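S.K.: Need the 3D shape of this:
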Amino acid sequence: MREGASPPGAPRPGRRDRPIPADSPGIDVATYLRRLRSDAAVTYRQMAETVPCRHNTLSQTVDGRLTGWEPIRTFIKAIRDAAGPDKVPADAEERARALWTQARLRKGSPVVPAGPEPEPPEDPPAPELPQIPEQRPGGKLSSFMQRVAKVIRPR
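M.R.: Residues are numbered from 1 along each chain as shown. Down below sits the predicted model:
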């Protein structure tokens, strides 16, 4: 085996991540997520096979820009699914969430509360159809209302 080569059966390390700029708002989150991936010894392509996104999307999650919470959550799920739950600390999501929240607060961005996604609101009830008056105060329906009545209540 040549020097620096991976042993047979070991996952290939893939392309190295670019350095995170020191002034990046999400540097702490990105560093933590990169360390999780490195410790689990999985590639972005292996991770992408387990979640509904591409490998380059996963790598962009850890480039130092401050993303939303869902890409970070998906990144951790992808590591866990690709490497196995024993390769990712049980509190990984909580720790990442804390780092993400600190970064958002430093940047002045709003923080979405943790927890499950809110249930979508129920469809409002259908509006009631207007009641057609049987007769005008003078005794008969107007000609327009007579035509509407025929459409709504065909004889």
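S.K.: hey, where'd the helices end up in this protein?
M.R.: Ranges of helices within the chain are 27-40, 44-48, 55-61, 69-83, 92-107, 143-152, based on DSSP state H.
S.K.: possible to save those helices as a markdown table with distance to Asp123 and mean pLDDT?
M.R.: (Each C-beta comes from the backbone N, C-alpha and C, glycine too.) Shown next, in a markdown table, are the helices of the chain (distance: least, C-beta to C-beta, whole Å; pLDDT from 0 to 100):
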| stretch | distance to Asp123 | mean pLDDT |
| --- | --- | --- |
| helix 27-40 | 37 | 91 |
| helix 44-48 | 36 | 89 |
| helix 55-61 | 33 | 85 |
| helix 69-83 | 25 | 91 |
| helix 92-107 | 32 | 89 |
| helix 143-152 | 23 | 75 |
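S.K.: closest to Pro21 out of the ones you listed?
M.R.: Closest of those to Pro21 is helix 27-40, at 7.7 Å (criterion: C-beta to C-beta).
S.K.: Dump that closest one to CSV, restricted to CA.
M.R.: Extracted as CSV, the C-alpha positions of helix 27-40 are listed here (Å, rounded to 0.1, in the frame of the first residue of the first chain):
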residue,chain,number,x,y,z
ILE,A,27,-17.6,29.5,12.0
ASP,A,28,-18.3,27.7,15.3
VAL,A,29,-21.2,25.7,13.9
ALA,A,30,-19.3,24.8,10.7
THR,A,31,-16.2,23.7,12.7
TYR,A,32,-18.4,21.5,15.0
LEU,A,33,-20.2,19.9,12.1
ARG,A,34,-16.9,19.3,10.2
ARG,A,35,-15.5,17.6,13.3
LEU,A,36,-18.6,15.4,13.5
ARG,A,37,-18.2,14.3,9.9
SER,A,38,-14.5,13.7,10.3
ASP,A,39,-15.0,11.7,13.5
ALA,A,40,-17.6,9.6,11.7
